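In: fold the following for me, if possible:
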Amino acid sequence: MVVSMIQIILELPEVTSIKEKRRIVKSLKERLQHRYKITAAEVDLHDSLMFTQIGGAIISNSRQFGESVMQKVLTFIEDESVGRVQDVSITSEHY
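Out: Take a look at the predicted model:
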């Protein structure tokens with residue numbers, strides 16, 4: 001079993017309230033879960049107005065498959081997200 005994970009820090013320069021940030025993050029998580037069948041959550045920077053950290057994970061039998069899904073997730077976020085990607089980490093662990 002291979003667990004592939006992604007952590008992305010997004011800058012949200014246009015956000016003016018925590019409520020607006022929560023709406024954007026919730027929408028992004030739901031789209032990622034629906035489109036790529038991954039688990040996604042806001043994992044850090046909860047109280048920051050300008051930044052959010054999103055984490056995602058998928059379990060598969062292949063490191064290559066898991067990491068290719070995470071690359072597609074990154075491309076989707078870069079193309080479709082309101083914010084700018086500041087930092088990305090993609091890793092896989094074999095269990």
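In: can you pull up the most central residue in this structure?
Out: For the chain, Ile54 is the residue whose C-alpha lies nearest the centre (C-alpha atoms, centre = their mean; 4.1 Å).
In: tell me if that one really is in a strand.
Out: Yes. Counting by DSSP: H, G, I helix; E, B strand; the rest coil, Ile54 is found in a strand.
In: how many neighbours does Ser89 have?
Out: 11 (other C-beta atoms under 10 Å). Yep, even glycine has a C-beta here, placed from its N, CA and C like the rest.
In: in contact with it, which residues?
Out: Contact analysis of Ser89 by C-beta atoms under 8 Å, 6 or more residues apart in numbering lists 5-8.
In: which among those gets closest to Ser92?
Out: Using C-beta to C-beta, Met5 comes nearest to Ser92 of the contacts of Ser89, at 7.3 Å.
In: quick one: low-confidence ranges for this protein?
Out: Scanning the chain for pLDDT under 70 picks out nothing.
In: can you give me the helices for it?
Out: 18-36, 63-80 (DSSP state H).
In: okay, the ones you listed in a markdown table with distance to Asp87 and mean neighbour count next?
Out: Below are the helices of the chain laid out as a markdown table (distance: least, C-beta to C-beta, whole Å; neighbours: other C-beta atoms under 10 Å):
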| stretch | distance to Asp87 | mean neighbour count |
| --- | --- | --- |
| helix 18-36 | 16 | 15 |
| helix 63-80 | 11 | 16 |
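In: turn these into TSV, including distance to Thr91.
Out: Conversion of those to TSV gives the following (distance: least, C-beta to C-beta, whole Å):
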stretch	distance to Thr91
helix 18-36	17
helix 63-80	9
